[in-house]
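**Q** Quick one, structure for this:
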Amino acid sequence: MTNYIGITLGPIYATLQHARNTREIWAASYLFSRLTELLLEALPSIGAEVLVPFKVDTPISQRYGTGIYNDRIFAVLPEGGVTKIAGLVEAVLNKLAVELTPKKSNPNPDFWRRYLRIGVVTKEIESLNNGALFSEISPLLDTQELHTPYFQNAEEADTLTVLLEGIYDTALAKNALQDAKGTLKGLMHGLFPSTADLGTLELYRRNEAAYKDIQEKAKKSQNENEQLDEFYQQIMSEPAFKDNFRDYHKYFCIVHADGDNLSEQNRKLSDKKAYEKLSQQLSQFALDAARLVDDFGGKTVFAGGDDLLFFAPVCTYNSTNKSTDSIFSLIQDLDNRYNQLGFANTSLSFGITITYHKYPLFEARQLSYEELNEIAKKVNWKDGGEKNAIAVRMLKHSGAWFESVLSKKNLESFVKAESELRRSKDDLLSGIIYKMDALESLITQLLHDTAFEERLAALFTNYFNEPVHRRNKVQLELIRNFVAGIITTKYKLNDTDPQGNNVYTLLRMLQFVTSRPKSSSSQATNHYATANNDL
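**A** Got it, this is the predicted structure:
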C-alpha cells in the first residue's frame with residue numbers, strides 16, 4: 001500500500017464573484033493557479049512526488065499571463081509527510097501574501113489563511129489501475145470543498161476587493177503580465193485588455209499609430225465611462241478607420257471550453273508514469289492554447305489542461321497575410337490542437353458569448369459557462385455521439401439575444417463561407433436570410449426527399465438568381481452547403497428538438513462576423529435593391 005495526498009484549493013467561485021472587469025476576473029482566477037504553482041515547488045521539500053498536475057518548465061513571462069494550473073494536486077506522500085503539511089502550507093501562504101500585496105502596503109498572511117481554502121486528504125491505495133488515484137481521492141476532495149471561508153469584520157471582507165482593484169501594483173501581476181508576449185499589452189486600460197481593447201483589436205493591428213493617438217485623446221476625459229464613450233466616438237469618426245469599422249468592433253467574446261468524456265481516458269491509467277504522461281500532455285495543450293489565443297489577440301484567463309476560459313475579439317487582423325479571421329477560426333485551431341493529443345472517444349466542447357462591450361461582465365461570463373455546460377455538453381447528435389459541440393449566444397446592445405448550436409463538421413463549413421464572403425463587395429447574406437425565412441416550410445418538406453441536397457441546390461438556383469448572386473457563385477455555393485449541413489445535422493437537447501431557428505441564427509452569426517464597413521454597407525444594400533428592381 002502506498003500513501004497518496006490530494007489537495008484542493010478555493011474558494012474560486014466566491015472569488016470570481018468579486019470581479020467586475022476583465023483584469024479582475026483574470027486576477028481572481030490567476031491567484032489560484034499561482035497558489036498551485038507555489039505548492040508544486042514546495043511539496044518536494046517534504047519528499048512528496050507530484051503526479052498531477054505536471055509542473056511546466058516554461059517561465060512565467062512566456063505563458064502569456066495565463067493561469068495554467070488547476071485547483072487540485074495529487075502526489076505520493078512519504079511516511080511522516082502528513083506532519084509537515086501544515087508548515088508547508090503556512091510557508092506557501094506567506095509567500096503568496098507578499099506577491100499579492102501592493103508595494104506600499106504590508107502583507108497580511110492572516111487574511112489569506114482565513115480566506116483561502118486549502119483542503120488536504122490522504123489515502124492509502126494498493127493499485128493505481130483504472131484511474132484509482134482520481135476515483136478514490138477526488139470524492140474526498142469534493143467533501144473538503146464543502147467548507148466555506150468567513151470574514152471576521154467588514155475591513156477583512158473588503159481586502160479582496162481592494163486587491164482586485166489594485167492588482168497592477170502587485171508582484172503577482174507584474175511577474176505574470178509585464179514581460180509576457182502579447183499585442184494587447186499597454187493598450188487603453190493597462191496590461192490586461194478591457195472589453196473595448198478586445199473589441200477593437202483588429203483596428204489596432206491595422207493602424208497602431210492612429211489607434212494610440214485616439215487613446216491619448218480619450219484619456220483626457222474625467223472618468224472611465226466618459227473615456228470609453230469618447231474612445232468609440234473618435235474611433236468611428238477617424239478617417240484611418242472609416243473603411244474598417246464594423247458593428248462587431250463594439251463586441252467581444254467570452255469563451256469556456258472543456259474536454260468531453262476525459263474520465264474514460266483517466267480510467268485507462270494504471271501507474272505513476274501514465275498519470276504523469278497524461279498530465280504533461282494536457283499541460284502542453286494548455287500552453288499551446290494560450291499561445292493560439294494570444295496570437296489571435298485574445299487573453300487567456302485560465303488554461304488548466306482541457307479546461308479553458310479566455311477573452312477574445314470577435315474578429316482579428318492578420319498583418320502577415322492581410323486577412324481577417326473570426327472567433328470561429330480560433331475555435332477551429334484550438335479544436336485541431338486538442339485532437340492532436342490522440343485521446344480516443346474524447347473531444348472539446350465550447351460555450352461562447354458574443355457580448356456588447358457595456359453588457360454586465362459577470363452575467364456574460366456566467367452565460368458563457370452555461371452555454372458550455374447546459375447546451376454544448378448536453379447535445380445528442382442524431383448520427384451518433386454526444387457533446388462535441390459549440391454553443392453560442394449573441395448578447396445585443398438592445399438586451400435582445402439569440403442562440404445557436406454548431407457541430408464541428410458545420411464549423412468547417414462556417415469558416416470556409418466566412419473567408420469567401422469577405423472577398424465579396426456585396427451584402428449577399430441579407431437577401432438570403434430574408435428569403436430563407438419565407439422558404440422554411442418548403443425546405444422542411446424537402447428533407448423527406450432522399451435527394452435532399454440536389455433539391456436544395458435546385459431551390460437555390462431558382463430563388464437566388466439575381467445579378468448579385470451570379471456575381472458571387474462561389475460564396476452562394478458555400479452558403480448553400482452550410483445551410484444543407486445545418487439542416488441535416490440533427491440534434492436533441494434534453495429530449496427536445498430545439499433547432500427550428502438554428503439555420504436562421506447561424507446565418508445571422510455568419511452575417512455578423514462578415515459585416516460590411518459602416519461606410520460601404522448602405523452602398524452594398526442599395527446595389528442589391530437595384531439588382532432586384534432590374535428584375
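
**Q** any idea where the strands of the chain begin and end?
**A** Applying DSSP state E to the chain gives strands spanning 2-10, 49-52, 72-76, 117-125, 251-260, 299-304, 307-313, 315-318, 323-326, 347-356, 379-381, 389-395, 401-407, 491-493.

**Q** I'd like to know which of those strands lies nearest to Ser424.
**A** Ser424 lies closest, by C-beta to C-beta, to one member of the strands of the chain: strand 323-326, at 13.1 Å. For the C-beta atoms, the positions are set from N, CA and C on the backbone; glycine is no exception.

**Q** If you count contacts, what does the closest one end up packed against?
**A** Contacts defined by 3 or more C-beta pairs under 8 Å, 6 or more residues apart in numbering; DSSP states H and E place strand 323-326 against strand 315-318, helix 408-421.

**Q** Give the buried residues for the longest one.
**A** Burial within helix 408-421, assessed by neighbour count using 16 or more other C-beta atoms under 10 Å, is assigned to Lys408, Asn410, Leu411, Ser413, Phe414, Val415, Ala417, Glu418, Ser419, Glu420, Leu421.

**Q** Send me that helix as PDB with only the CA atoms.
**A** What follows is helix 408-421 as a C-alpha-only set of coordinates in PDB (Å, rounded to 0.1, in the frame of the first residue of the first chain):
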ATOM      1  CA  LYS A 408     -17.600  20.600 -35.700                       C
ATOM      2  CA  LYS A 409     -18.500  19.500 -39.300                       C
ATOM      3  CA  ASN A 410     -20.500  22.600 -39.800                       C
ATOM      4  CA  LEU A 411     -17.800  24.700 -38.100                       C
ATOM      5  CA  GLU A 412     -15.600  23.900 -41.000                       C
ATOM      6  CA  SER A 413     -18.300  25.000 -43.500                       C
ATOM      7  CA  PHE A 414     -18.800  28.200 -41.500                       C
ATOM      8  CA  VAL A 415     -15.100  29.100 -41.600                       C
ATOM      9  CA  LYS A 416     -14.900  28.400 -45.400                       C
ATOM     10  CA  ALA A 417     -18.000  30.500 -46.100                       C
ATOM     11  CA  GLU A 418     -16.800  33.300 -43.900                       C
ATOM     12  CA  SER A 419     -13.500  33.500 -45.700                       C
ATOM     13  CA  GLU A 420     -15.100  33.700 -49.100                       C
ATOM     14  CA  LEU A 421     -17.800  36.200 -48.100                       C
END
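
**Q** and that helix, what does it pack onto?
**A** When contacts are defined as 3+ C-beta pairs under 8 Å, 6+ apart, helix 408-421 sits against strand 323-326, helix 327-339, strand 389-395, helix 473-488, helix 502-513.

**Q** Most tightly packed of the ones you listed?
**A** Sort the helices and strands packed on helix 408-421 by mean neighbour count, taking mean count of other C-beta atoms under 10 Å, and strand 389-395 sits at the top with a mean of 24.

**Q** Contacts made by that strand with the rest, please.
**A** The contact list for strand 389-395 (C-beta atoms under 8 Å, 6 or more residues apart in numbering) reads 328, 331, 349-356, 359, 364, 367-368, 371-372, 375-377, 379, 401-408, 411, 491, 508-509, 512.

**Q** Give the buried subset of those as a ChimeraX selection command.
**A** Command for ChimeraX, covering only those of the contacts of strand 389-395 found buried under the criterion 16+ other C-beta under 10 Å:
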select :328,331,349,350,351,352,353,354,355,356,359,364,367,368,371,372,375,376,377,379,403,404,405,406,407,408,411,491,509,512
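
**Q** now Ala75: how far from Leu39?
**A** From Ala75 across to Leu39, the span is 9 Å (C-beta to C-beta, to the nearest Å).

**Q** Residues that sit against both of these two, list them.
**A** Counting by C-beta under 8 Å, 6+ apart, the contacts common to Ala75 and Leu39 are Ile7.

**Q** Quick check: Ser515 touching Tyr248?
**A** Yes: because the distance of 6.3 Å satisfies C-beta atoms under 8 Å, Ser515 is recorded as touching Tyr248.

**Q** what about the two, which has more around it?
**A** Using other C-beta atoms under 10 Å as the criterion, Ser515 and Tyr248 rank with Tyr248 on top: 21 against 18.

**Q** Now for that one: which residues touch it?
**A** If you count contacts by C-beta under 8 Å, 6+ apart, then Tyr248 has Gly199, Val314, Cys315, Ile354, Phe512, Val513, Ser515 around it.

**Q** Now do the helices in the stretch 101-250 of the chain.
**A** All helices of the stretch 101-250 of the chain, identified by DSSP state H, counting those that start in this stretch, fall at 109-115, 132-144, 154-165, 171-173, 195-199, 201-206, 208-218, 224-237.

**Q** So which residues make contact with stretch 369-384?
**A** Applying C-beta under 8 Å, 6+ apart, the contact partners of stretch 369-384 are 256-258, 260, 349-353, 386-393, 403, 405, 407, 489-494.

**Q** Return it as PDB; C-alpha atoms alone will do.
**A** In PDB, the C-alpha atoms belonging to stretch 369-384 read as follows (Å, rounded to 0.1, in the frame of the first residue of the first chain):
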ATOM      1  CA  TYR A 369     -20.300  28.900 -18.800                       C
ATOM      2  CA  GLU A 370     -24.000  27.900 -19.100                       C
ATOM      3  CA  GLU A 371     -23.700  27.700 -22.900                       C
ATOM      4  CA  LEU A 372     -20.900  25.100 -22.400                       C
ATOM      5  CA  ASN A 373     -22.500  23.100 -19.600                       C
ATOM      6  CA  GLU A 374     -26.200  23.400 -20.300                       C
ATOM      7  CA  ILE A 375     -26.100  23.200 -24.100                       C
ATOM      8  CA  ALA A 376     -22.800  22.100 -25.700                       C
ATOM      9  CA  LYS A 377     -22.300  19.400 -23.100                       C
ATOM     10  CA  LYS A 378     -25.900  18.100 -23.300                       C
ATOM     11  CA  VAL A 379     -26.300  17.800 -27.100                       C
ATOM     12  CA  ASN A 380     -27.100  14.400 -28.500                       C
ATOM     13  CA  TRP A 381     -26.400  14.100 -32.200                       C
ATOM     14  CA  LYS A 382     -28.800  12.100 -34.400                       C
ATOM     15  CA  ASP A 383     -26.000  10.500 -36.300                       C
ATOM     16  CA  GLY A 384     -24.400   9.300 -33.100                       C
END
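
**Q** rounded to a whole number, what's the mean pLDDT of it?
**A** For stretch 369-384, mean pLDDT is 93.

**Q** from the chain's centre, how far out does it sit?
**A** 16 Å (C-alpha atoms, centre = their mean, to the nearest Å).

**Q** Also stretch 295-309?
**A** That offset, for stretch 295-309, works out to 6 Å (C-alpha atoms, centre = their mean).

**Q** what about the longest helix in the chain?
**A** In the chain, with assignment by DSSP state H, the single longest helix is helix 272-296.

**Q** Next, the angle from that one to helix 132-144.
**A** 70 degrees (axes from the mean of the first three to the mean of the last three C-alpha atoms, to 10 degrees).

**Q** Any buried residues in helix 272-296, and which?
**A** Buried, per 16+ other C-beta under 10 Å, within helix 272-296: 274-276, 278-279, 281-296.
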